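Give me the fold of what follows.
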Amino acid sequence: MQSQPVIRVAVQAIAVLLAIALLATPASAEQSTAWGATTQARDASAVLAPGVYAHVGTSLGAFTIRLFEHEAPKTVENFIGLAEGSTDPATGKPGRSRPYYDGLTFHRAVPGFMVQGGDPNGDGTGGPGYRVPDEIDPVRTFDKAGLVAMASFGPNANGSQFFVTVAPYPRLPLKYTIFGEVVRGLDVVVSISRVKTDLRARPITPVVITSVRIDRVID
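Below you'll find the model as predicted:
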């Protein structure tokens, strides 16, 4: 009679060992293939669609803009030329120079509205020595967050300054060239818009554009 508890304990111990052995058994080929396919599918969903992109690095994080090269070709060409240093910032003609945006700041941050940057003066008054004409698409409106547009000095007076919306703003006049949309890192743009600012909406601690890298994705 005293031997039954011992036998029962032994059986339970064997069952535990078998369970551990099963957990430690390598996955079958079918299982491995299925898990690999899931991982590949997840990675593929993160791949950018064919197009032209600008990866913007800042002191608060990075975000990616899909550039509207067909809707606003002159504006996109100018932005890329300045970003890559292939446009002379004095004349707007082809020429080698340092990447224009590297080291500039977002000089204006308005929560619930937008962030603005790309001014070498850092106060909204500067730009290159030439102007780029407007490319207004009447179909596009400021109906969502993440839209990227030129900050203009007036009609056909675009330069290097741009802004990114952080919320829909349908009241904004359709006089600004929309040339891109944030497809990754919109949370970074929102965080920039919420930094502490002075009475002119200028960040107390500068938010620096560390780099703008152009990425041309093809099929």
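
Test my guess that Asp143 contacts Pro170.
Yes: with contact defined as C-beta atoms under 8 Å, Asp143 and Pro170 form a contacting pair (6.0 Å). In short, each C-beta sits where N, CA and C put it, glycine included.

Which helix or which strand is home to Ala83?
helix 73-84 (DSSP states H and E).

Any buried residues in that helix, and which?
75-84 (16 or more other C-beta atoms under 10 Å).

same deal with stretch 91-110?
For stretch 91-110, using 16+ other C-beta under 10 Å, the buried residues are 92, 99-101, 104-109.

follow-up on the earlier one: list the helices and strands the helix holding Ala83 packs on?
Here helix 73-84 touches strand 51-58, strand 61-67, strand 178-184, strand 209-217, going by 3 or more C-beta pairs under 8 Å, 6 or more residues apart in numbering; DSSP states H and E.

Sheet-wise, list the partners of the next helix or strand after it with their directions.
Downstream of helix 73-84, the first helix or strand assigned by DSSP H and E is strand 106-110. Within its sheet, strand 106-110 is paired with strand 114-117 (antiparallel), according to DSSP bridges.

any idea how far the strand it pairs with is from the chain center?
14 Å (C-alpha atoms, centre = their mean, to the nearest Å).

Averaging pLDDT per element, find the lowest-scoring helix or strand in the protein.
helix 29-45 (a mean of 32; mean pLDDT, DSSP states H and E).

contacting residues around His87?
That one is not His; residue 87 is Thr. 78, 81, 93-95, 97, 100 (C-beta atoms under 8 Å, 6 or more residues apart in numbering).

Repeat the analysis, applying 6 Å as the threshold.
Contacts here follow C-beta atoms under 6 Å, 6 or more residues apart in numbering; on that basis Thr87 touches Gly81.

where's it relative to Arg194, distance?
33 Å (C-beta to C-beta, to the nearest Å).

Would you work out how far apart the start and end of stretch 147-164 are?
Taking C-alpha to C-alpha, to the nearest Å, stretch 147-164 runs 5 Å from one end to the other.

which residues does Val52 contact?
67, 69, 216.

Mind checking what secondary structure the spatially closest residue to Tyr169 that is not a sequence neighbour has?
Spatially, and ignoring its direct neighbours in sequence, Tyr169 is nearest to Phe142 (4.6 Å; C-beta to C-beta, 6 or more residues apart in numbering). Of the three states, Phe142 takes coil under DSSP: H, G, I helix; E, B strand; the rest coil.

Can you report how many residues neighbour Phe142?
20 (other C-beta atoms under 10 Å).

got a list of what it touches?
Contacts of Phe142 (C-beta under 6 Å, 6+ apart): 165, 169, 172.

And for Glu84?
Ile214.

can you check Leu67 too?
52, 54, 76, 180.

and if you look at Ser86?
Contacts of Ser86 by C-beta under 6 Å, 6+ apart: none found.

Okay, now the unreliable bits of the chain?
1-46 (pLDDT under 70).

domains of it?
Using automatic domain parsing, the domains assigned to the chain come out as 3-45, 51-217.

which one of those is the most hemmed in?
Counting by mean count of other C-beta atoms under 10 Å, domain 51-217 has the highest mean neighbour count of the domains of the chain, with a mean of 18.

first to last residue in that domain, what's the distance?
Where domain 51-217 begins and where it ends lie 5 Å apart, using C-alpha to C-alpha.
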